[in-house]
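[1] The following comprises the amino acid sequence and a computationally predicted model.
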Amino acid sequence: MTNILIRLILSQFKIFFREPGVVFWSFGFPVLMAWILGIAFANKGETLRTVAVVGESPDAVYNLPQWLHEKTGTDSTEYSVESGLEWQVGENHGEKARFRFRAMSEIEATQALKRGQISLWIEESSASGLRYRFDPDNAEARLTYLLLEGAFRDQGSSKQKGEIRTLTIIGSRYIDFLIPGLMAMSIMNACLWGIGWSLIDLRIKKLLRRMVATPLRKSIFLLSHGMNRMILSAAELLLLFGFAYFYFDITIQGSLLALSLIFLSGYCAFAGIAVLISSRVQNTHSGNGLINCVTLPMFILSGIFFSYHNFPDWFTPYVEVLPLTMLANSLRGIITEGIGLAQVIMPSIGLFGIGCVCFVLGLRLFNWH
Amino acid sequence: MAIEVRNVCKSFKDVNAVQNVDLLVESGEALALLGPNGAGKTTLVEMIEGVQFPDSGEIRILGKSWEKEEHFLRQQIGLALQETRFLERLTVEETLHLFASFYLLKKERSQEVLETIQLENKRSTWVLQLSGGQRQRLALGIAILPRPRILILDEPTTGLDPNARRDLWKILEGFKATGTTLILTTHYMEEAQHLCERIVMMDQGKILAEGSLNHLLDKFGEGDLIEYVIEGSFPTEEAKALSGVINSRLNENTGEGLLTVKNISETLPGFLQLIDNSATSLTSLECRRRTLDDLFLAMSGRHLDD
């Protein structure tokens, strides 16, 4: 029996590595994606923050007010309507800020705010001096306010500036968020395409029927598929993480045991889903459609590339029970936040549960012909 | 008895695929199932293979039932399904080794089979790169790997050219000589005639006739055939009166006619004389023995390759 299992696994390895396209999508694509997105969203120095300056006089839309030139140490010749006035403050990384001031009417400023061109505008108030206008729920606007406020205070004060120390929080970069998500996605793809699609393909080719017409036990057959993809999937994850470790300095903050547990439970969940999906499908089109139907919503909703907290609050609990969300959150927690075994027990039970239910249901429905 | 099929019925939704079929096959017998598409051959064979189960009736293989002895029976039956596509990026040898492992056979058996199916020089070739005939030979090789007591082949030569078909027949003849029971479904009557002692003709889920080729011809198809095409008027009544004519038919619109005769040599001279004497020109003439297709057409109103 061991001989059969080994031969089946070896045969599937050969088939896998002899299909260059599949090798690329399994190994090359996740790394390529990590590289592209990592580069695209890497920190590129200090962002230029555009600030609208709103005045009450009719010619205020053409010129910046004198008080702003005084605060920024510039003169009116440096300003143009097309390029505005650029002002940079701070020498050290933590203090550095770049602003571009543009004179606008209130209507123009409102429009620019709606279009996302600015997040804040300033105006002079006779009562309180300077007035900042921004949406307090907009984190970007709050950050711009704090930076601008601090810069003005520093310029206007005779006191020595306080020293600012750069505080680096591990896991705060976008790539730290992205890599665990890509690992979760890789596990899902390995199962749904590697097991589900492969079973559908064997059925279409009548090979499934041919194989079960031999004394081969069905359980051994399915086990060989599961083990083959699990080994390949582990290799894919190691490669992806190795790349992230060497290229982006990402390290695992949490427990390796917890990581192993969540990998196994995630794999179990998606392997079960793969068996269920492939249980009845008789042609490539419906197989393709069905797998995409399961994977695409999870791609979008489960916070692989961007946080799902941007969705409305009422929607979040539904997103959090998706297997890909559970897996990605747990992987993220282990890799970036350093959570341990105790914190991944519940999601692991959930994932194992999903896997078992889907597998049993899939096996009952499974059409071997 | 190798196979016993007793009063078996199987239906799919509104279609009665197999209806009250009885069939007994002796050990070592070679039997051909003939019929057009949708006749019920494949369903019947699949029930014998144990991949489908009858709605009613009983099937016993080597005296055992699929429900109780599946593992044993899987080792006794070799089968080649219609148009199976094996793993395309495994070599011929790897494919045979893989299937040999399912039967717990040693690699030496794969080597023997490789020689039997004459694919030694293709042992390292991917399945993807094999021709249609070579793939069918590989399918046959996998079927005979466990030295089965019953070999079931579902349309093994469909889509092959005549040379590839004859190559496969040679291999099968060799295997038949070992005393294996052979069941073959086919559209090709030459294949059935060549390989099988008994022919079962099926249509619409029922067995229409069975027996040896000669038995079927004697029982259901008396006489030889003269097929002709003419232009102009033809004295049909005189043709019917020719010596040895059993039956005469003529389609006056197309000019296509058919004479069923006891003996071609007895009737043909008189027929040609009649053409000469009438205001008719003969554009086509074919004299031949009656075939299974003619029998099938007479019995069911359909051709075997419909």
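    Here it is on my side, so go on.

[2] shaky segments in chain B?
    For chain B, the stretches with pLDDT under 70 are B:221, B:305-306.

[3] And for the stretch 251-369 of chain A?
    Using pLDDT under 70, the flagged stretches of the stretch 251-369 of chain A are A:309-310, A:313.

[4] What distance do you get for the residue of it found nearest chain B to A:Arg210?
    Going by C-beta to the nearest C-beta, chain B is nearest to A:His369 of the stretch 251-369 of chain A, at 5.9 Å. For the C-beta atoms, the positions are set from N, CA and C on the backbone; glycine is no exception. Distance of A:His369 to A:Arg210, computed by C-beta to C-beta, to the nearest Å: 10 Å.

[5] Show me what counts as buried in stretch A:202-215.
    Buried residues in stretch A:202-215, defined by neighbour count with 16 or more other C-beta atoms under 10 Å in any protein chain shown: A:202-203, A:205-215.

[6] Mind putting these into a markdown table with secondary structure, pLDDT and distance to B:Arg290?
    Shown next, in a markdown table, are these (DSSP: H, G, I helix; E, B strand; the rest coil; pLDDT from 0 to 100; distance: C-beta to C-beta, whole Å):
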| residue | secondary structure | pLDDT | distance to B:Arg290 |
| --- | --- | --- | --- |
| A:Leu202 | helix | 90 | 45 |
| A:Arg203 | helix | 90 | 43 |
| A:Lys205 | coil | 85 | 40 |
| A:Lys206 | coil | 84 | 36 |
| A:Leu207 | helix | 87 | 41 |
| A:Leu208 | helix | 87 | 43 |
| A:Arg209 | helix | 85 | 38 |
| A:Arg210 | helix | 86 | 38 |
| A:Met211 | helix | 86 | 43 |
| A:Val212 | helix | 83 | 43 |
| A:Ala213 | coil | 85 | 38 |
| A:Thr214 | coil | 89 | 42 |
| A:Pro215 | coil | 89 | 45 |
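
[7] ok, and which of the residues you listed reach chain B?
    Contacts with chain B are made by A:Lys205, A:Lys206, A:Leu207, A:Arg209, A:Arg210, A:Met211, A:Val212, A:Ala213, A:Thr214, A:Pro215 out of these, judged by C-beta under 8 Å from any C-beta of the partner chain.

[8] Are we agreed that A:Ile118 is in a helix?
    No: A:Ile118 is assigned coil when assessed by DSSP: H, G, I helix; E, B strand; the rest coil, not a helix.

[9] State the number of residues packed around it.
    Using other C-beta atoms under 10 Å in any protein chain shown, A:Ile118 has 23 neighbouring residues.

[10] From chain B, how far off is it?
    Using C-beta to the nearest C-beta, to the nearest Å, one gets 58 Å for the distance from A:Ile118 to chain B.

[11] Could you do A:Tyr132 as well?
    Applying C-beta to the nearest C-beta, the value for A:Tyr132 to chain B is 66 Å.

[12] Of all the residues in the strand or helix carrying that residue, which ones are buried?
    Assessed by DSSP states H and E, A:Tyr132 sits inside strand A:129-134. Using 16+ other C-beta under 10 Å as the test for burial, strand A:129-134 gives A:Arg133, A:Phe134.

[13] Direction-wise, compare whichever helix or strand comes after that strand with strand A:129-134 and give the angle.
    Using DSSP H and E, the next helix or strand after strand A:129-134 towards the C-terminus is helix A:139-156. If you take axes from the mean of the first three to the mean of the last three C-alpha atoms, to 10 degrees, helix A:139-156 sits at 160 degrees to strand A:129-134.

[14] returning to what we had before: will you turn the ones next to chain B among the buried residues of stretch A:202-215 into TSV that also has distance to A:Glu320?
    Below are these laid out as TSV (distance: C-beta to C-beta, whole Å):
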residue	distance to A:Glu320
A:Lys205	39
A:Lys206	42
A:Leu207	40
A:Arg209	41
A:Arg210	43
A:Met211	40
A:Val212	39
A:Ala213	45
A:Thr214	45
A:Pro215	46
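
[15] Going by distance to A:Met298, which of those wins?
    When those are compared for distance to A:Met298 (C-beta to C-beta), A:Lys205 comes out closest, at 28.4 Å.

[16] can I assume the closest one is in contact with B:Arg85?
    Yes: using C-beta atoms under 8 Å, A:Lys205 makes contact with B:Arg85 at a distance of 3.9 Å.

[17] And the helix or strand containing A:Glu236, what does it pack against?
    Assigned by DSSP H and E, A:Glu236 falls within helix A:218-248. In this structure, helix A:218-248 packs against helix A:2-17, helix A:29-40, helix A:174-191, helix A:207-212, helix A:256-278, with contacts taken as 3 or more C-beta pairs under 8 Å, 6 or more residues apart in numbering or on different chains; DSSP states H and E.

[18] go again using 6 Å as the cut-off
    Applying 3 or more C-beta pairs under 6 Å, 6 or more residues apart in numbering or on different chains; DSSP states H and E, one finds that helix A:218-248 contacts helix A:2-17, helix A:29-40, helix A:174-191.

[19] my guess is A:Pro30 meets A:Ser186, correct?
    Yes: between A:Pro30 and A:Ser186 there is a contact at 5.1 Å, judged by C-beta atoms under 6 Å.

[20] quick one on the thing from earlier: now the helix holding A:Glu236: buried residues?
    Using 16+ other C-beta under 10 Å as the test for burial, helix A:218-248 gives A:221-222, A:224-226, A:228-230, A:232-234, A:236-237, A:239-241, A:243-244, A:248.

[21] dump the residue contacts of the residue in the stretch 151-300 of chain B positioned nearest to chain A.
    The stretch 151-300 of chain B approaches chain A most closely through B:Ile152 (9.5 Å), counting by C-beta to the nearest C-beta. B:Ile152 makes contact with B:Val45, B:Glu49, B:Leu79, B:Ile183, according to C-beta atoms under 6 Å, 6 or more residues apart in numbering or on different chains.

[22] Just the buried subset of those, please.
    B:Val45, B:Glu49, B:Leu79, B:Ile183.

[23] Return the set of residues that bridge with the last one.
    B:Ile183 has the following beta-bridge partners by DSSP bridges: B:Leu31, B:Ile152.

[24] I'd guessed it sits against B:Ala30; true?
    No: using C-beta under 6 Å as the test, B:Ile183 is too far from B:Ala30 to be in contact (8.1 Å).

[25] Run through the residues that contact the residue most central in space within chain B.
    Nearest to the mean C-alpha position of chain B, counting by C-alpha atoms, centre = their mean, stands B:Thr186 at 2.8 Å. By C-beta under 6 Å, 6+ apart, the contact set of B:Thr186 is B:Ala32, B:Glu155, B:Ala192.

[26] again, only using 7 Å
    Neighbour list for B:Thr186: B:Ala32, B:Leu34, B:Glu155, B:Ala192 [criterion: C-beta atoms under 7 Å, 6 or more residues apart in numbering or on different chains].

[27] now the closest residue to the third one other than its chain neighbours, what's its secondary structure?
    To tie it back to what came earlier, the one meant is B:Glu155. Here the nearest residue to B:Glu155 in space, its sequence neighbours aside, is B:Gln82; by C-beta to C-beta, 6 or more residues apart in numbering or on different chains that works out to 4.5 Å. Three-state call for B:Gln82 (three-state DSSP): coil.

[28] B:Gln82 and B:Thr181, how far apart?
    For B:Gln82, the distance to B:Thr181 - C-beta to C-beta - is 20 Å.

[29] higher neighbour count, the two?
    Neighbours around B:Gln82 and B:Thr181, counted as other C-beta under 10 Å, are more numerous at B:Thr181. The numbers are 24 against 15.

[30] how much space between the closest residue in space to that one that isn't next to it in sequence and chain A?
    Sequence neighbours aside, B:Ala2 is the residue nearest to B:Thr181 in space, at 4.2 Å (criterion: C-beta to C-beta, 6+ apart). As judged by C-beta to the nearest C-beta, B:Ala2 and chain A stand 17 Å apart.

[31] This completes my enquiry, with thanks.
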